[in-house]
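In: Can you look at this prediction? I've put the sequence above it.
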Amino acid sequence: MEQTEQREWLRAVLVGGNINENPDFERSLEELESLAEACSIKTEAIFKQNLTAANSAFYIGSGKVDEVRETAEHVEADYVIFDNTLTPSQQRNLQREIGKPVLDRTNLILEIFSRRARTKEAKLQVESASLAYMLPRLVGMNDALSRQGGSGGAGAGSGFSNKGAGEKKLELDRRRIEKRMSELRKELGEMEKNRETQRKKRKDGQTPLAALVGYTNAGKSTLLNLMLRRFGQEEEKEVLEKDMLFATLDTTVRRIEPGDNRDFLLSDTVGFISNLPHSLVKAFRSTLEEVCQADLLLHVVDFSDPHYKEQMNVTRETLKELKAEGIPCIYIMNKADRVMEAGELPKRVGDKIYMSAKQGCGLEELLQMIREKLFASYVDCHLMIPYTDGAIVSYFKENAVVHQMEYREQGVYMEVNCRESDYRKYHCFVQG
């Protein structure tokens, strides 16, 4: 399973168990097919089975396992992929019965994350999640070794343990993984301290932060790049945008400079997805917590997706888990050009805006909404600043919206829209 860009397609059979008529079952299977495609895996067949409860040995019934095995052999599948999370024993049993590598949804998402990670931190986070997933699955991973040796051979009578070679290998693997997980926790802990320091500096700088959140492939990176281009930022500051799940994983923070002294920071991080593995949420918590520090959330929604409401709920639940659900939010109904008439866009309804980041439609209206939210605490005031305090005049010119400025006998008269903290600090110069 190497580089998606080469598109060396592998084959897979997908399997889903619909427990108690889950209303999201069909949508989840469609999403699994898209996840497989993101790994250059072509779906050759899909099996579905209605269940009242998961089979403890195989998740699905044993008769269905036989059908899956026969089809996998017929289409020469490289993998059999389950939409459901499998226990270590279910995965082992299925692999033994089917005779093909068996993956579950978590496997697939971890594989995508391992390919997409670019920064050192993202790579370490993915490795940590992968090892956490692998550890309980060590037993039985190598059946050929797990029952080997024990009494004879070169080690007989030489003081070595009577434990089989495979069992010793398992124990060594377990220790190696646990040691590596400990090293990763330490290294990621140091990175988190550095990230916290960066956050504190940004807070001290008083520049407000807006965070792009939403389901994977909703258009967050496209929107970030659109804003950067709109205000003349260098091309190298743009982020990867691609029509695929989890195109970007790394948290990116960019300064948006509209030119009116109301700059703000805009962050883009990993998208959400239903049934996102807990190990990944845990591993990426430090970067996802960038969202918790935001003054405003920009919830980007793929309005053209028939399941956009369910995707919005997944995002809300993930934000709730991160304890970020109380932050003010603007809902960006993106890709609206695919389902609405061009003359209807952009359209603003309360805290929602229907627009198209790809077409550049609705950006000015969105920026106005962001200003209204981020700079709601700004106050209008009239100042008379003595000529002896020229540094204060320069400060307001750089950090406030100056509506009017006149040089008068008493000093410099300014009408500004400024931060409430600056209004309080320089209240002695306020007139009226």
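Out: All right, it came through fine. Model, not experiment: these values are computed from the prediction.

In: Neighbours of residue 281, how many?
Out: Using other C-beta atoms under 10 Å, residue 281 has 16 other residues around it. Any C-beta I mention is one placed from the backbone N, CA and C, and that applies to glycine too.

In: ignore the last one, residue 109
Out: By the measure other C-beta under 10 Å, the count of residues near residue 109 is 25.

In: same thing with residue 384?
Out: 15.

In: Pull out the buried residues from the helix or strand hosting it.
Out: Element membership of residue 384, judged by DSSP states H and E, is strand 379-385. Neighbour counts over strand 379-385 (16 or more other C-beta atoms under 10 Å) mark 381, 383, 385 as buried.

In: Just name the closest of the residues you listed to residue 410, please.
Out: Nearest to residue 410 out of these is residue 385 (C-beta to C-beta; 9.3 Å).

In: Now do the closest one against residue 232, distance only.
Out: Separation of residue 385 from residue 232 (C-beta to C-beta, to the nearest Å): 31 Å.

In: ok, residue 416 - contacts?
Out: Residue 416 is in contact with 380, 381, 383, 396, 400, 401, 402, 403, counting by C-beta atoms under 8 Å, 6 or more residues apart in numbering.

In: Between those residues, which sits nearest residue 66?
Out: Nearest member of those to residue 66, counting by C-beta to C-beta, is residue 401, at 71.2 Å.

In: wait, doesn't that closest one sit right on residue 258?
Out: No - contact between residue 401 and residue 258 fails when scored by C-beta atoms under 8 Å: they sit 10.3 Å apart.

In: which residues does the nearest residue to residue 260 once chain neighbours are set aside form a beta bridge with?
Out: Among residues not flanking residue 260 along the chain, residue 401 sits closest, at 5.5 Å (C-beta to C-beta, 6 or more residues apart in numbering). On the basis of DSSP bridges, residue 401 is bridged to residue 417.

In: elements contacting the strand holding residue 384?
Out: Packed against strand 379-385, as judged by 3 or more C-beta pairs under 8 Å, 6 or more residues apart in numbering; DSSP states H and E, are the following elements: helix 390-399, strand 412-418, helix 420-425, strand 430-431.

In: which one of these has the most crowded surroundings?
Out: strand 412-418 (a mean of 20; mean count of other C-beta atoms under 10 Å).

In: those helices in the protein, which residues are they?
Out: Secondary structure of the chain (DSSP state H): helices at 25-38, 62-74, 88-98, 105-116, 120-134, 143-146, 165-204, 220-230, 278-283, 285-288, 308-321, 363-374, 390-399, 420-425.

In: wait, which of those is closest to residue 333?
Out: Once those are compared by C-beta to C-beta, helix 308-321 is nearest, at 8.0 Å.

In: Give me the buried positions along the closest one.
Out: 308, 311, 312, 314, 315, 318, 319.

In: what's the answer for stretch 349-360, then?
Out: Those would be 352, 353, 354, 355, 356, 357, 358, for stretch 349-360 by 16+ other C-beta under 10 Å.

In: which outside residues touch it?
Out: Applying C-beta under 8 Å, 6+ apart, the contact partners of stretch 349-360 are 219, 222-223, 226, 300, 303, 329-337, 340, 344-348, 361-363, 365-366, 369.

In: Need the mean per-residue confidence for that stretch.
Out: In this model, stretch 349-360 has a mean pLDDT of 95.

In: End to end on it, go ahead and measure it.
Out: The straight-line separation of the ends of stretch 349-360 (C-alpha to C-alpha, to the nearest Å) is 19 Å.

In: coming back round to it: number of nearby residues for the residue nearest to residue 260?
Out: By other C-beta under 10 Å, neighbour count at residue 401 equals 16.

In: Tell me the confidence at it?
Out: For residue 401, pLDDT reads 88.

In: Please report the distance of it from residue 30.
Out: Distance from residue 401 to residue 30, by C-beta to C-beta: 48 Å.

In: so where's this structure shaky on pLDDT?
Out: Applying pLDDT under 70 to the chain picks out residues 1-7, 139-167, 199, 201-205, 233-250, 277, 279, 283, 285-287.
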